[in-house]
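Engineer: sequence isn't available, so here's the structure alone:
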């Protein structure tokens, strides 16, 4: 049987098309927007099938350049809920393929249209074909740490208040790419450290250990933010060696703002 689905977004298509008992789902040649929607849909749910994704490498690189998306995808990968592999050749259409249904996805600005089939012989053939293609495909390696590990280690090593501010800043952002001098995950880490009077050494060591960026990257970003007046530093003497630097919020406009307001204000300052 063939049926048409017209929904507002990818998550609704998933609800409508895969509400059965299938435990596996192949996703073939999704767009960047579809990948983002799938990650956002899956990260807070435990009722979706395990997703095996075959996607264009350039599309994957573009999507995972955003820390917000990549860190959630890394969580799904770590949990065994998502497997990313590189598609050798583009498919004619983006596909969702489960053992019981094949769905061809067509997206517009406002809706997601899909043509679904549950014809047993056809579904079996498509599922087997893409299962073989997935087995032969090269894995796509995510370098971004899982967001759950980032949160857990920040709370344990830097402090629960800093972790809460970190979450609030990420929630206030549409993306974390750092394009054109904007805000990325290193900038957010330094901002929450400055808001909570954390040492540069502590936040940069944590950031390097967890896999966000090197200490050198943290130092360069700190210098840029300091030059712009966003953050300030004060020397903290230690028993042996050079004094360490405590991070502080610089611009007076930031002092009375909460974490979400700080990230909005800094984004405007860096624009």
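Structural biologist: The structure has been received and is ready for your questions. Note that this is a predicted model, so its numbers are computed, not measured.

Engineer: can you list the domains in the chain?
Structural biologist: Using automatic domain parsing, the domains assigned to the chain come out as 2-136, 147-270.

Engineer: now the ones you listed in JSON lines, with mean pLDDT?
Structural biologist: Shown next, in JSON lines, are those (pLDDT from 0 to 100):
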{"stretch": "domain 2-136", "mean pLDDT": "84"}
{"stretch": "domain 147-270", "mean pLDDT": "91"}
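
Engineer: want to throw those domains into JSON lines with mean neighbour count?
Structural biologist: Any C-beta I mention is one placed from the backbone N, CA and C, and that applies to glycine too. Formatted as JSON lines, the domains of the chain follow (neighbours: other C-beta atoms under 10 Å):
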{"stretch": "domain 2-136", "mean neighbour count": "17"}
{"stretch": "domain 147-270", "mean neighbour count": "17"}
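
Engineer: now for residue 122: which residues touch it?
Structural biologist: Contact analysis of residue 122 by C-beta atoms under 8 Å, 6 or more residues apart in numbering lists residue 102.

Engineer: show me where this protein has its strands.
Structural biologist: 2-7, 24-28, 50-55, 82-86, 94-97, 102-107, 112-117, 231-236, 244-249 (DSSP state E).

Engineer: adding distance to residue 219, write the ones you listed out as TSV.
Structural biologist: Output for the strands of the chain, formatted as TSV (distance: least, C-beta to C-beta, whole Å):
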stretch	distance to residue 219
strand 2-7	47
strand 24-28	40
strand 50-55	35
strand 82-86	32
strand 94-97	42
strand 102-107	42
strand 112-117	44
strand 231-236	11
strand 244-249	10
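
Engineer: to residue 187, which of the ones you listed lies closest?
Structural biologist: Distance to residue 187, taken as C-beta to C-beta, is lowest for strand 231-236 among the strands of the chain, at 9.7 Å.

Engineer: contact partners of that closest one?
Structural biologist: Contacts with strand 231-236, where a contact means C-beta under 8 Å, 6+ apart, come from 190-191, 194, 199-200, 222, 225-226, 243-250.

Engineer: cutoff 7 Å now
Structural biologist: 190, 194, 199-200, 222, 225-226, 243-250 (C-beta atoms under 7 Å, 6 or more residues apart in numbering).

Engineer: what's the answer for stretch 53-70, then?
Structural biologist: 26-30, 32, 35-36, 39, 73, 82-87, 90, 133-134, 137, 140, 142, 144, 170, 173, 175-177, 184-185.

Engineer: cross the residues you listed against helices and list the overlap.
Structural biologist: Within the contacts of stretch 53-70, residues falling in helices by DSSP state H are 32, 35, 36, 39, 73, 133, 134, 170, 185.

Engineer: in those, find the pair that's most separated.
Structural biologist: The largest separation in the ones in helices among the contacts of stretch 53-70, counting by C-beta to C-beta, is between 133 and 170 at 34.9 Å.

Engineer: I'd like the distance between the most centrally placed residue in the chain and residue 115.
Structural biologist: Of all residues in the chain, the one closest to the mean position by C-alpha atoms, centre = their mean is residue 69, 1.7 Å from it. Look at residue 69 and residue 115: by C-beta to C-beta, to the nearest Å, they are 27 Å apart.

Engineer: need the ones in helices among the contacts of stretch 53-70 in TSV with distance to residue 50, can you?
Structural biologist: TSV is the format used below for these (distance: C-beta to C-beta, whole Å):
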residue	distance to residue 50
32	22
35	16
36	19
39	14
73	14
133	17
134	12
170	26
185	27
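
Engineer: ok, these vs residue 94, which is closest?
Structural biologist: residue 35 (10.0 Å).

Engineer: could you find the closest non-adjacent residue to the closest one?
Structural biologist: residue 63 (5.0 Å; C-beta to C-beta, 6 or more residues apart in numbering).

Engineer: for this protein, list the residue farthest from the centre, please.
Structural biologist: residue 239 (40.5 Å).
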